[in-house]
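# Just the structure for this:
(chains A and B)
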Number of protein chains: 2
Amino acid sequence: MRVRVPLHVSGFWVPHITNNPLTTGSIGAGITLEPLVEAEIKSGSDNRVLVNSVILEHDIINEVKKIVGVNSVNVEITSPSRLGEGLGFSAALSIVVAASALHNLGKPLTLNRVGIIAHEVEVRMMTGLGDVVAELRGGGLVLRLKPGAPGVSELDVIPVRESVSVIPCIVRPGFTTPQMLRDYWHAIKEAGERAFKKFVAEPSFERFLELSYEFSKAIFMNRETDEKIKELLHKHISSGNVRTYFIKKGTLVVVSDDPSEELINTLRKNFSKVLGIFKLFPGGTVMML
Amino acid sequence: MRVRVPLHVSGFWVPHITNNPLTTGSIGAGITLEPLVEAEIKSGSDNRVLVNSVILEHDIINEVKKIVGVNSVNVEITSPSRLGEGLGFSAALSIVVAASALHNLGKPLTLNRVGIIAHEVEVRMMTGLGDVVAELRGGGLVLRLKPGAPGVSELDVIPVRESVSVIPCIVRPGFTTPQMLRDYWHAIKEAGERAFKKFVAEPSFERFLELSYEFSKAIFMNRETDEKIKELLHKHISSGNVRTYFIKKGTLVVVSDDPSEELINTLRKNFSKVLGIFKLFPGGTVMML
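Below is the predicted model:
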C-alpha cells in the first residue's frame, strides 16, 4: 500500500488541552505543502521505518505500535522535510506508521481510523496538536474550526493563490514543539485567539498572511529579528515578489509569488538552512492499494 | 477564480429527509471520479452559465441565485458529464454556481460556505442528497457516515486501487433522480441500510464493489438485466479484467483494472451511451485564486 501525505505549517493557533486525546487539539489555520511525504507500506514481518533510506528510531513509532498492539511496522518513507523542521513531519510520520500498524493487523483501515491513532500519538508526545487533521483532509489553506482528532475536529478550506511558493528556513535550530508549548503557552493562547477571531470573521488567503505575521510577531519574532528580516528581504518585498513572512517555532516561512534565484541565495546566506521551495498542496492524505 | 470538482457516483445509500435542508441528506458510499469538472468563475455583471460552450438554463442556477440573493452568476464550465447522467454533475454545477454567486457578492468564501448553499439547492430540487459533500471533500472511495450539509455531515475515506478504471454507460436514458426517489423509496431505504451496515463493519474497496452490486440488484437491476450484462461481460469478468458492475439510477457502472478496446466496443455496441473511461480521483473540490 502507498500513502501520500502533505506537510503542514500553521500560521496561528490556539491549543486546547483536555483529559482526552480525542478532544485535545488546536484551532487555527495553516497551509498544506508539497512535495509530499511518500510512503510504501510493506507487508511481512520486517520491523523498520526508513526515512530517505536511513533507519529512524523514535518514540512516535513505539507509541503507535503500543496503541495499535502490534510488534512491527514496516515503512519506506521519502520526505522533503525531517523531524523538528516545523513542517509537521511528525504528524506525517504518525499517519504513515499508524497505517502500517493497522495494515499489519490485517484489519480494514480508513483515513479516520489511521488519523485517530496518529492524532493520539501526537497529543501524547506533544509533537503537534493540529497537524494530523490538517494533513489528513488538507486543502491548501486549512481552517481548523474545532479541535480534536479526525471525526471530532471540524475543518474548512479557503481558496489559495495557485502561484504561491513557500520557502521555509531554519532560524532557530533545535527548538522543539514541547519546548515551544511550555515556554510560550500563555502568549500563544492570547495571540492565537485574537488571530483566530479576526480570521473567522473574514477568512481569505491575504488575511491568513497578515494574521500569521502578526501572530509570529507576538510570539516568535521580536522587533529586532523582524527588522532584520524586513531589511534583508526589503528589495523583494517592495517589488511585490515576497508577499510576507512569518516564524513558526524555529522556522521562518517566506511566501513568494515567484521566488528568484537572488531571493533564495539571500536566504541561504543568512539562515542556517533553507528547506526548499514548496508549493501549496490543495489535497490531503491519500492511501492507495 | 478557478474551481475544480470531481464527479461522484454512489454505490449504495440511505436517504434521510428532515424538515431542514442542512440535516437532510444521505448516508452511504460512493466514488469520486476524474476527469474533473473545471470552472472559471468570471468577474463582472455578465449573467450566464456556459457548459462546454453552450448556455445552460436550469432551476438549480436560479435557486442558487435566490438563496445567495444575487442577480447574476458568470461561469464557464468544461465537464466530462452532463445533467441526468448519474455522475453527480448537478452537485458539481451547484458548487460552481454557488462559488460564483458568493464571489459576485464580494464576500469571503470558503469550501463550507459554498457547499452549504450547493447542498441546500440539491435538497430543494431533489437532484441529489449526498453528492455535494462527497465531491467537496472527495477521496476516491468516500463513506458518508452522517447525513447533511458540509459541517453537519461526517465522512471517512477508504484506500482504493490506483489502477481502477470506471466506465459509466447510460442504460435507461431520461430516468431522473426525483423519479428514482419517488418510485424506489422503500426499496432504497431497506437495501441501503443493509448495505451500509455491512460496509461500516468491514469498509474496503472490495466490499464496496460487492455491496454496490447487491444494492443495485435489489433496486435497479432485475434478474433478466443482470444476466444479460453478465453474459455480455462474461469474457472480461472471467479474465479478471472487469471486477464488477452495478447500476445507479439509469447508469451502468463497469469497474475494470485495465479496460481493453474490446470491452469498450462491447459496451458501445450494447448500450445507448458510453460516457468515457474515468479514474478514481483521490481528492475533493479545489478553489484557486
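
# Check what pLDDT A:D59 gets.
pLDDT, the model's per-residue confidence, is 96 for A:D59.

# In space, what's closest to it - neighbours in sequence excluded?
A:M125 (6.1 Å; Cβ to Cβ, 6 or more residues apart in numbering or on different chains). Just so you know, the C-beta spots here come from the backbone N, C-alpha and C atoms, and that holds for glycine as well.

# now do A:F220
Taking Cβ to Cβ, 6+ apart as the measure, A:F220 lies nearest to A:I247, with 4.1 Å between them; neighbours along the chain are not counted.

# now for the helix or strand hosting that neighbour, which elements pack on it?
Here A:I247 sits within strand A:242-248, counting by DSSP states H and E. Applying 3 or more Cβ pairs under 8 Å, 6 or more residues apart in numbering or on different chains; DSSP states H and E, we find strand A:242-248 packed against strand A:2-16, helix A:205-219, helix A:223-238, strand A:251-256.

# can you list the domains in chain A?
A:2-158+A:282-288, A:165-280 (automatic domain parsing).

# now, of those, which is deepest in the fold?
domain A:2-158+A:282-288 (a mean of 22; mean count of other Cβ atoms under 10 Å in any protein chain shown).

# For it, measure first residue to last.
Using Cα to Cα, to the nearest Å, one end of domain A:2-158+A:282-288 lies 5 Å from the other.

# can you check stretch A:239-253 too?
18 Å.

# Also stretch A:10-24?
One end of stretch A:10-24 sits 17 Å from the other (Cα to Cα).

# mind checking how far it is from the chain centre?
How far stretch A:10-24 lies from its chain's middle: 14 Å, per Cα atoms, centre = their mean, to the nearest Å.

# ok, which residues in the stretch 101-250 of chain A are in contact with chain B?
On the criterion Cβ under 8 Å from any Cβ of the partner chain, chain B has as its neighbours in the stretch 101-250 of chain A the residues A:108-113, A:137, A:139-140, A:143, A:151, A:154, A:156-162, A:202-205, A:207.

# so how far is A:H236 from A:K269?
As for A:K269, its distance to A:H236 is 14 Å (criterion: Cβ to Cβ, to the nearest Å).

# A:K146 now?
Here A:K146 is placed at a distance of 37 Å from A:H236 (Cβ to Cβ).

# ok, back up a step: got any residues that touch both of A:K269 and A:H236?
Taking Cβ atoms under 8 Å, 6 or more residues apart in numbering or on different chains as the contact criterion, A:K269 and A:H236 have no common neighbours.

# quick one, helices of the stretch 51-200 of chain A?
A:59-68, A:89-105, A:111-125, A:131-137, A:177-201 (DSSP state H, counting those that start in this stretch).

# which strands and helices sit next to the fourth one?
Of the remaining helices and strands, those touching helix A:131-137 by 3+ Cβ pairs under 8 Å, 6+ apart are strand A:2-16, strand A:25-41, helix A:89-105, helix A:111-125, strand A:141-146, strand A:154-158.

# Next, format the helices and strands packed on strand A:242-248 as CSV and append mean pLDDT.
Converted to CSV, these look like this (pLDDT from 0 to 100):
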stretch, mean pLDDT
strand A:2-16, 97
helix A:205-219, 96
helix A:223-238, 95
strand A:251-256, 96
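
# To B:S256, which of the ones you listed lies closest?
Each of those was checked against B:S256 via Cβ to Cβ, and the shortest separation belongs to strand A:2-16, namely 20.7 Å.

# Thought A:V64 was touching the residue nearest to A:D59, still the case?
No - taking Cβ atoms under 8 Å as the contact criterion, A:M125 and A:V64 are not neighbours in contact, 10.2 Å apart.

# which residues of chain A score low on pLDDT?
Along chain A, no part satisfies pLDDT under 70.

# show me what contacts A:I117?
Going by Cβ under 8 Å, 6+ apart, A:I117 touches A:64, A:67-68, A:94, A:98, A:101-102.

# Output the residues you listed as a markdown table; include the columns distance to A:K198.
Formatted as a markdown table, the contacts of A:I117 follow (distance: Cβ to Cβ, whole Å):
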| residue | distance to A:K198 |
| --- | --- |
| A:V64 | 36 |
| A:I67 | 37 |
| A:V68 | 40 |
| A:S94 | 31 |
| A:A98 | 34 |
| A:A101 | 40 |
| A:L102 | 39 |
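
# from the residues you listed, which two are the most distant?
Farthest-apart pair in those is A:S94 and A:L102; separation 12.4 Å (Cβ to Cβ).

# so what's A:T244 closest to, chain neighbours aside?
Leaving aside its sequence neighbours, A:T244 sits nearest to A:L209 (Cβ to Cβ, 6+ apart; 4.4 Å).

# can you pull the contacts of that neighbour?
Applying Cβ under 8 Å, 6+ apart, one finds that A:L209 lies in contact with A:11, A:243-244, A:246, A:255.

# rerun that using 7 Å as the cut-off
In this structure, A:L209 makes contact with A:243-244, A:255, judged by Cβ atoms under 7 Å, 6 or more residues apart in numbering or on different chains.

# I appreciate the help and will end here.
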